[in-house]
Structure formats: structure tokens, C-alpha cells
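> with the input below, show me the fold.
(one chain, ligands or ions: 2)
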Amino acid sequence: MKIHVNQLGYRPGDQKIAVIASDEPLNGSLALVNESDSTKVELGIQAFGSDSYSGETLYWADFSHVKDEGRYFIEYYDCSRSDSFSISGDVYRKAFEDLIHMFYFMRCGCALTEKYAGPYQHKKCHSGSTLRYSDNKMLPPITGGWHDAGDYGRYTTPGAVALGHLLYTYELFADKCPTLFIPESGNGVPDILNECRYELEWLLKMQAEDGSVYHKITTERFCGFIMPEEDKDQMILYPISSMATADFAAVTALAARIYKKFDCSFAGKLKAAALAARDFLYAHPDIIEFRNPPGNWTGGYWDKDDRDERMWMFAEIFRLTGEARDLAELTKLASADINKTALGWGQVGGFAGLSVLFAPAESFPDELFTVFSDAYRKHADELLELADKNGYRLAMPLEGFVWGSNMVVMNCAMSLLVASFLTGNTAYASAAEENIHYLLGRNPLNRSYITGHGAGAFHNPHNRPTASDNVEYPYPGLVSGGPSARVYDEPAKAAIPEGTPPLLCHLDDVGSFSTNEIAIYWNSITVLVFACFS
Ligand code: 9MR
Ligand code: ZN
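Ligands and ions are numbered 1, 2, ... in the order given. Next up, the predicted model:
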């Protein structure tokens with residue numbers, strides 16, 4: 001038998017449930033043990049039954065009534081026990097900070113100095129000239145921004161999406177955003193915005209003269225497991241796409257609104273860039289897809305529908321311009337059958353929702369508010385129903401266990417949180433937090449999917465610097481992609497037999513890019529969710 005808990009712990013007022021997997025009936029007693037004085041509280045055991053996500057027979061032990069702060073573990077009469085965890089008001093705080101600090105370590109085109117990066121320091125990377133794919137022209141270097149993931153590519157759509165998560169985090173939870181230890185700290189600007197600006201300055205360089213935006217800048221193929229400064233292959237600026245252009249317009253418009261208070265001239269630059277991208281898309285109403293040209297093997301971030309990106313763009317641009325035609329376009333798209341709660345790299349309709357739902361009163365017509373509010377509430381209701389039937393109390397559809405499932409876990413949590421905000425019904429927020437418990441170790445592998453946080457934290461991410469920096473452990477605050485019902489990499493294929501239940505399809509191995517990579521947008525959506533609880 002195994003007893004699974006959130007390995008960081010629980011806040012005093014929260015619902016607190018341990019999940020126990022056991023092939024044998026649980027006939028003995030189960031207790032919550034206070035580590036400081038060994039006092040025990042006996043816990044009732046509730047049989048859940050068999051769980052299809054894990055293939056296990058599960059039981060629950062509810063200790064919500066214990067509210068005293070301290071360190072605890074749960075023990076079965078035969079001495080099997082859970083990992084130790086805390087009950088504490090600020091149980092998520094350090095993880096929340098590290099999740100944001102991660103972006104500093106992803107910076108490209110500058111040296112990470114020992115002062116700020118400690119053992120994870122590295123020299124300036126990816127600063128050579130740029131070959132533009134469309135006309136084979138050599139351009140000056142396009143530097144800056146964050147490495148996307150375990151590879152060193154810089155891609156516009158996921159970059160904009162990560163910025164979206166972080167900028168809405170700031171907008172919705174400014175008072176919770178921590179002071180970090182980054183080179184800009186102390187300049188009077190909140191550090192989360194300092195960090196985002198590093199990406200925004202790069203993003204602005206990705207815009208072509210006609211207002212359109214290049215899809216990505218990467219080498220032709222992924223480099224080996226070397227430090228970023230050793231990756232000397234030619235940087236290639238790939239063609240534009242309408243998704244990249246629309247995401248760019250959306251997030252620069254959002255940023256223009258936020259940075260106005262701190263730096264008028266930067267905000268002006270962002271606004272002009274947003275409008276140029278929008279104007280390009282007005283002139284090009286048809287989708288412009290990006291596909292990797294033959295012989296080019298870095299990430300594709302291919303997407304077959306740009307209506308959700310345009311919807312997000314028009315929502316944010318309308319908040320900036322108030323122009324009737326932008327509102328008309330938004331209204332048209334909002335009435336179409338487009339997902340309105342997704343916050344991922346390929347589907348961004350949920351950002352249009354955040355933009356509309358959290359705007360000052362009367363910014364948008366009531367009907368539009370209702371469209372997005374209904375979409376979020378409907379999604380949240382579906383999720384509550386799923387959570388009710390789930391042994392690990394996950395509010396998440398089975399189909400969500402794809403490459404990067406932890407992004408879906410967090411996206412579902414966010415839908416629940418938005419619904420909680422819209423209705424005042426705290427059952428939604430409580431369900432959202434159950435997804436955090438899953439992420440932090442209450443899962444069949446007893447694995448925390450955030451490095452450095454939780455006794456069972458994964459520590460072999462598919463991340464090039466981690467694999468080549470000679471430091472034993474990766475920096476804390478990295479989110480793993482998570483279990484994927486279908487695995488694509490050799491180590492995972494060898495270790496995980498086909499047909500394994502989804503929650504077990506994860507391998508903490510540096511080679512497992514389809515279950516154990518890291519990515520900026522997996523971190524950033526986790527930041528957004530953790531902000532609500534930190
Ligand atoms: O996160 C992406 C995932 O949803 C896709 O299924 C996968 C395959 O196309 O690509 C993932 O994105 C990767 C990107 O293409 C390149 N950088 C690393 C990203 C994370 O694995
Ligand atoms: Zn770099």
C-alpha cells in the first residue's frame with residue numbers, strides 16, 4: 001500500500017485528503033502523526049474503489065479538521081507511512097517564487113552570472129547572425145528572450161502564451177508577486193514585469209516591417225546536450241504565421257496596458273507594434289500556417305486554426321483602442337464555435353476570456369461577458385463532475401494525458417478558479433486546489449512535478465543545461481511535462497509498456513522528452529494557478 005499526499009502540504013483551512021492505493025482491503029487503523037510531539041489523530045478511511053486513470057484501488061483519508069500548523073505524516077498500523085508534509089498558511093509560497101524565478105534561468109543572449117545564477121551560471125549564448133529563411137538574407141543577431149524548453153529554440157506563439165500567463169498573473173494578483181533576485185531587482189518595477197520585459201524586448205524584434213511576426217528563431221535541428229553558449233549553429237529566422245502575428249498583437253497590447261504605469265515610452269512601443277500586427281491581420285484575413293520546411297527539425301508549434309488567436313488579439317486590442325471595428329471582430333469570433341477556456345500554446349481562447357471577464361466594469365457589452373462567463377462556468381461544471389468520479393480527485397479529462405499533460409492539469413484548475421470568481425462558489429476553488437495536490441505528489445508515482453519541491457520531486461528533466469552543467473540537481477521550480485498516455489521517446493517506450501494507465505506514464509529520465517521535458521508555458525500556467533493560493 002502507498003499513502004499519497006501533497007508533499008509540500010496543505011493550508012490550515014483547506015480540504016485535506018490523503019489518497020491511499022492498496023490491493024488489500026484496509027482493515028487496520030490510519031493516523032495523522034504530528035512530528036514535533038508524535039501525537040496521533042486517528043483518521044477514518046473511505047473506500048473509493050477502482051480508478052481508471054491509475055488502474056488502482058483507492059481509499060481516501062480526510063483530515064480537513066486538523067488545522068494546527070506543523071509537520072505531519074500519515075501512518076498505517078503496519079508502519080507504512082506517507083512523506084512528511086506541512087500544514088501552514090504559506091505552504092506554496094516558495095514554490096510560487098521559484099516557478100517565476102525559473103524564467104531568469106531561461107534567459108537567452110546574456111550571461112547568467114554567478115551572482116544571480118550560482119552554480120547554474122553560463123556564458124552569453126545565441127548571439128550570432130541570423131539567416132532569414134524566406135530570402136536567405138543575413139541579418140544582424142536577434143538576441144534575448146527565453147529558451148523555450150529543454151531545447152534552445154525561441155518560438156513566438158509559446159513565448160507570447162507564457163507572457164500571457166505571467167502578465168495576467170500580475171494583473172490579477174499584483175500584491176502577491178514576489179521580489180526576486182534578478183539583475184533588475186530594486187529598479188522600482190515589480191520583478192515579474194522585469195522578467196517579462198526580457199522576453200518582450202526579444203518579441204518586438206520578431207516583427208517584420210509589414211507588421212507580421214516570424215514564427216520562430218532556432219537552429220536547423222536540435223543541438224546535443226551542450227551548454228547554450230556551445231550551441232554555435234546558424235540561427236534561422238523562419239517564416240511568419242498568422243498565429244504568431246495574432247498572439248504577438250494580443251500580448252503586446254496587454255503589455256502596453258500594464259507597462260504604461262512604469263515606462264510610457266516602452267508602452268508606446270508595445271502599442272505601436274500591437275497595432276501594426278493587427279493591421280497586417282486585417283489585411284490578411286486568411287490563415288497563414290507555419291510548417292517546418294523539409295530538413296528542419298526544431299519544434300513546429302503547428303496550429304490549424306487561427307481564430308482563437310485573433311479572438312484574443314481583438315479582445316486585448318479593443319481594450320487598448322476602443323475601436324468599434326475591433327469589437328465587431330471580437331463579437332463575431334466570440335459567437336463562433338471556438339474553445340473559450342484554453343490557455344495553451346495552440347489554443348488561446350481562454351485568454352480572450354480573461355481579458356473580457358477581468359476588464360473594468362462596462363468595458364465590454366454584457367452579451368460578450370456572458371459568452372465567456374458561460375464558457376468558463378460550463379467547463380468548470382464538467383470538471384467538477386469528473387473530479388467527483390476520480391480517485392486522485394483530479395479535475396481533468398482522461399484525454400488530457402497528452403504530451404505536456406501538466407499544462408492541462410493547470411488549465412483545468414484555472415477554469416475552476418475563474419468559475420469560482422464568477423459565482424462566488426468556493427467548491428470550484430477547492431477542486432482547483434486538488435489539482436495542485438496532484439502536481440505536488442498526490443499521484444500514483446508519488447512524484448512532485450516541480451523540481452526542488454516535495455520529497456519525491458523529479459530531478460532529471462529533459463533540459464539541456466541541466467544535463468550538461470555538472471551540477472547534481474537542477475534549479476528548483478521547473479515543471480515537468482507530466483504523464484503522457486502515448487510516449488514518443490526511447491527511454492519511456494522501453495520503460496512503460498503500452499496500455500499502462502495514464503497516470504503511470506511518466507519517466508524521470510533526461511531522455512524522456514515526451515514525459516519529462518520542461519517548457520516556459522508549463523511553468524507560467526502553474527504560476528497563474530499558484531498565485532491564487534499563495
Ligand atoms: O508542448 C508541445 C506538445 O504539446 C507537442 O505535442 C509536442 C510535439 O509537437 O511539442 C511540444 O513542444 C515542444 C516544442 O515543439 C519544441 N520545444 C520543446 C517543446 C516541449 O516539449
Ligand atoms: Zn540562448
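> and the residue of the stretch 151-300 of the chain closest to ligand 1?
In the stretch 151-300 of the chain, the residue that lies nearest ligand 1 is G299 (2.5 Å; C-beta to the nearest ligand atom). Every C-beta, even on glycine, is put in place using the N, C-alpha and C of the backbone.
> in contact with that residue, which residues are there?
148-149, 151, 153, 155, 216, 218 (C-beta atoms under 8 Å, 6 or more residues apart in numbering).
> now do stretch 149-157, average pLDDT.
For stretch 149-157, mean pLDDT is 98.
> how far does that stretch stretch from start to finish?
With C-alpha to C-alpha, to the nearest Å as the measure, the ends of stretch 149-157 fall 13 Å from one another.
> I'd assumed Y152 was in contact with G109.
No. Shown here, G109 and Y152 do not form a contact pair, counting by C-beta atoms under 8 Å, at 10.6 Å.
> list residues touching both of the two?
125-126.
> more crowded one of those two?
A direct count of neighbours by other C-beta atoms under 10 Å for G109 and Y152 places Y152 higher, at 24 against 20.
> got phi/psi on the more buried one?
For Y152, the backbone dihedrals (degrees, to the nearest 10) come out as phi -100, psi 10.
> ditto for the one 3 residues further on
The phi and psi torsions at Y155 (degrees, to the nearest 10) take the values phi -120, psi 140.
> so what's it up against?
Shown in contact with Y155 (C-beta under 8 Å, 6+ apart): 148, 215-216, 218, 299, 301.
> right, and the helix or strand after the longest helix anywhere in the chain?
Longest helix in the chain by number of residues, with DSSP state H as the criterion: helix 366-388. Next helix or strand after helix 366-388 toward the C-terminus (DSSP states H and E): helix 405-423.
> and that next one, is it in reach of ligand 1?
No. Using C-beta under 6 Å from any ligand atom, helix 405-423 never reaches ligand 1; the gap is at least 7.4 Å.
> residue contacts, C223?
With C-beta under 8 Å, 6+ apart, C223 has these contacts: 151-152, 230-231, 233, 464.
> out of those, which end up buried?
Listed as buried from those are 151-152, 231, 464; burial here means 16 or more other C-beta atoms under 10 Å.
> elements contacting the helix or strand that contains I20?
Using DSSP H and E, I20 falls within strand 17-21. Judged by 3 or more C-beta pairs under 8 Å, 6 or more residues apart in numbering; DSSP states H and E, the packing partners of strand 17-21 are strand 2-4, strand 56-62.
> possible to save those as TSV with mean neighbour count, mean pLDDT and distance to ligand 2?
Shown next, in TSV, are the helices and strands packed on strand 17-21 (neighbours: other C-beta atoms under 10 Å; pLDDT from 0 to 100; distance: least, C-beta to the ion, whole Å):
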stretch	mean neighbour count	mean pLDDT	distance to ligand 2
strand 2-4	20	98	38
strand 56-62	20	98	42
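> what backbone torsions are found at the residue of the stretch 151-300 of the chain found nearest ligand 2?
At 4.2 Å from ligand 2, P228 is the closest residue in the stretch 151-300 of the chain, using C-beta to the ion. Backbone torsions of P228, given as degrees, to the nearest 10, read phi -60, psi -40.
> my read: it touches P465, true?
Yes. With contact defined as C-beta under 8 Å, P228 reaches P465; the gap is 6.6 Å.
> neighbour count: the two, which is higher?
More crowded of P228 and P465, by other C-beta under 10 Å: P465, with 24 against 21.
> the more buried one is in what secondary structure piece?
Assigned by DSSP H and E, P465 falls within helix 464-468.
> which parts of this structure are strands?
Per DSSP state E, the chain carries strands over the ranges 2-4, 9-10, 17-21, 30-34, 40-43, 46-51, 56-62, 70-76, 85-87, 130-132, 137-139, 154-155, 216-218, 235-237.
> ok so, going back, what about ligand 1: which of the contacts of C223 touch it?
Answer for the contacts of C223 near ligand 1 (C-beta under 6 Å from any ligand atom): D151.
> kindly report the residues of this structure close to ligand 1.
Close to ligand 1, as judged by C-beta under 6 Å from any ligand atom, the chain has residues 148-149, 151, 153, 299, 301, 403-404, 513, 517, 519.
> what's the closest of those to ligand 1?
G299 (2.5 Å).
> kindly provide the distance from that closest one to I182.
Distance, G299 to I182, by C-beta to C-beta, to the nearest Å: 26 Å.
> one more: S54?
With C-beta to C-beta as the criterion, S54 and I182 are 39 Å apart.
> compare these two (neighbour count), which wins?
When S54 and I182 are compared for neighbours, S54 comes out ahead with 23 against 18, by other C-beta under 10 Å.
> quick one: pLDDT of the more buried one?
S54 is given a pLDDT of 98.
> how is this protein divided into domains?
2-87, 93-442+516-533 (automatic domain parsing).
> deepest of those domains, which one?
domain 93-442+516-533 (a mean of 20; mean count of other C-beta atoms under 10 Å).
> and the average pLDDT for stretch 292-299 is what?
Over the span of stretch 292-299, the pLDDT mean works out to 97.
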